[in-house]
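>>> Return a 3D structure for these sequence lines:
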Amino acid sequence: MKENILLFCTGSTLYPALEVLYRGHSDFSMGVAGGVCMCLINRVCNQDLGKKPILIRCCAGSATITTVEFFTGLIVNIGMGRSVWDYSSLPLNFLGQICPLYSGIWALLSLPAMGICDGIFRLLSKIHLPSK
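Numbering: from 1, shown residues only. Next up, the predicted model:
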């Protein structure tokens, strides 16, 4: 439980920070999506597929992030009309919410995300916090 809280907080901080560096702005919803992605990457890529080759794990990370991005886009962009992002001008996009270009970027970003998740796990295993 402590690991997931720390993973969520890390993802919800790092992803919007990267987005601000790349686009100059972000949205609260990207913090939520980043936190969810970090928890899922840890679960899928580090735990479930931890013994698989790194290419498979990065592809799984891409699929995970793309899925979170799609559902976040359905809720935030389409449902709430916030227009946080729009991939409509990019080739092979789906409803303007996901596209192969960004799925490829997510595959690359999955690698450091897996490392961060692993680092958090190692850090927490060294710290003996009192349990309630």
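
>>> drop to CA atoms for contacts and neighbour counts, all remaining ones
Will do.

>>> Now the element after the helix or strand where G11 lies, going C-ward?
For G11, the host element (DSSP states H and E) is helix 2-23. Next helix or strand after helix 2-23 toward the C-terminus (DSSP H and E): helix 28-41.

>>> And the next helix or strand past that following helix?
Next element after helix 28-41 (DSSP H and E): helix 54-72.

>>> Give me the contact list for the helix holding G11.
Outside helix 2-23, the residues within contact range by CA atoms under 8 Å, 6 or more residues apart in numbering are 25-27, 30-39, 117, 120-121, 124.

>>> and that helix, which residues are buried?
For helix 2-23, burial by neighbour count (16 or more other CA atoms under 10 Å) applies to 3-4, 6-17.

>>> Excluding chain neighbours, give the residue nearest to V76 in space.
Nearest residue to V76, sequence neighbours excluded (CA to CA, 6 or more residues apart in numbering): R82, at 5.8 Å.

>>> Roughly how far does the one you found sit from A17?
19 Å (CA to CA, to the nearest Å).

>>> Skipping its backbone neighbours, what lies nearest the residue nearest to the spatial centre of the chain in space?
Geometric centre of the chain, nearest residue: C37, 3.1 Å, by CA atoms, centre = their mean. In this structure, C37 finds its nearest non-sequential neighbour in I65, 5.8 Å apart by CA to CA, 6+ apart.

>>> What is the burial count for the one you found?
Using other CA atoms under 10 Å, I65 has 24 other residues around it.

>>> cool, and Q97?
Residues within reach of Q97, counting by other CA under 10 Å, total 21.

>>> And for G50?
Other residues near G50 come to 15 when the count uses other CA under 10 Å.

>>> For it, give me its contacts.
So G50 contacts R57 (CA under 8 Å, 6+ apart).

>>> cool, the one 10 residues further on as well?
Taking CA under 8 Å, 6+ apart as the contact definition, A60 lies against V44, C45, A107.

>>> Among those, name the buried ones.
Buried, going by 16+ other CA under 10 Å: V44, C45, A107, out of the contacts of A60.
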